[in-house]
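In: coordinates only, sequence not included:
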């Protein structure tokens, strides 16, 4: 099975399972649980996303995230690029949210219990009519932001999980150990800019190639640019990042 077919199949499955997994991504339940001293499913998931990003960057966003799948579906309807200014918004949301979680556990006297299936029905998030209201409200928010502000705008502006992975991605790039990353063979690029049009995160991939700097914390390592490149200039690979000056074939980064 081709890489993009596999990736889109996983995103489809993730979207179908979203009614089951919704509460494990919840930014609200983790706060509610913290004030009761309970480590919820999302409390366990978000550090795991940070851990995975230390080796795989933001690949979760492009391969597994149900919100990512919803937004990619929206791009089939409205395919305008998202503005880069949106990127800052998520950090303005993320910091006070993290502080509120810490405040909750301090108020509760620490972690008193671990309950991965907190506020679910035997592990299922949406199992009763009232829960459907929350589910459709979340879906409506993700879809409306994406349709109004451009491709994967929710990822750029409102996703509370993205900063965890941006932190991990930044750390792996700084330390330079083997990891998943995007690389480019600049000398073979013909600047057709098909990569720009294919990027779900609206990155200026061609500009990154020409500048020999493939590092972007908004890159979700989906490989869409790799799939459309007529000269096989771009590649998503796993290995040690090399300094561009020391690499005669590929300019590497993630």
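Out: In hand now; what should we look at? Given the structure is predicted, the values throughout are model-derived calculations rather than measurements.

In: count of residues packed around residue 27?
Out: A total of 18 residues lie near residue 27 under the criterion other Cβ atoms under 10 Å. Placement of C-beta: from N, CA and C, glycine included.

In: ok, the residue nearest to it when sequence neighbours are not counted to residue 46 distance?
Out: Closest residue to residue 27 in three dimensions, ignoring its sequence neighbours and counting by Cβ to Cβ, 6 or more residues apart in numbering: residue 160, at 4.5 Å. Taking Cβ to Cβ, to the nearest Å as the measure, residue 160 falls 8 Å from residue 46.

In: Tell me which of these two has more neighbours.
Out: Relative neighbour count places residue 46 above the other of residue 160 and residue 46, with 21 against 18, counting by other Cβ under 10 Å.

In: Make sure I have this right: residue 238 is in a helix.
Out: No: under DSSP: H, G, I helix; E, B strand; the rest coil, residue 238 falls outside any helix and is assigned strand.

In: Contact partners for it?
Out: For residue 238, the contact set (Cβ atoms under 8 Å, 6 or more residues apart in numbering) comprises 178-181.

In: what do you get if the cut-off is 6 Å, keeping everything else the same?
Out: With Cβ atoms under 6 Å, 6 or more residues apart in numbering as the criterion, the residues that contact residue 238 are residue 180.

In: What residues are bridge-paired with it?
Out: Residues found in beta-bridge contact with residue 238 (criterion: DSSP bridges) are residue 180.

In: May I see the buried residues of stretch 7-22?
Out: Buried positions in stretch 7-22, judged by neighbour count with 16 or more other Cβ atoms under 10 Å: 7-8, 11, 14-15, 18-19, 21-22.

In: Which helix or which strand is home to the residue most central in space within the chain?
Out: Nearest to the mean C-alpha position of the chain, counting by Cα atoms, centre = their mean, stands residue 61 at 3.0 Å. Secondary-structure element containing residue 61, defined by DSSP states H and E: helix 59-63.

In: Pull the residues that contact that helix.
Out: Defining contact as Cβ under 6 Å, 6+ apart, one finds that helix 59-63 is touched by 7, 10, 49, 68, 180, 220-222.

In: For these, please prepare JSON lines with the additional fields secondary structure and distance to residue 146.
Out: Listed next are the contacts of helix 59-63 as JSON lines, based on DSSP: H, G, I helix; E, B strand; the rest coil; distance: Cβ to Cβ, whole Å:
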{"residue": "7", "secondary structure": "helix", "distance to residue 146": "18"}
{"residue": "10", "secondary structure": "helix", "distance to residue 146": "19"}
{"residue": "49", "secondary structure": "helix", "distance to residue 146": "21"}
{"residue": "68", "secondary structure": "helix", "distance to residue 146": "10"}
{"residue": "180", "secondary structure": "strand", "distance to residue 146": "25"}
{"residue": "220", "secondary structure": "coil", "distance to residue 146": "14"}
{"residue": "221", "secondary structure": "coil", "distance to residue 146": "20"}
{"residue": "222", "secondary structure": "coil", "distance to residue 146": "15"}
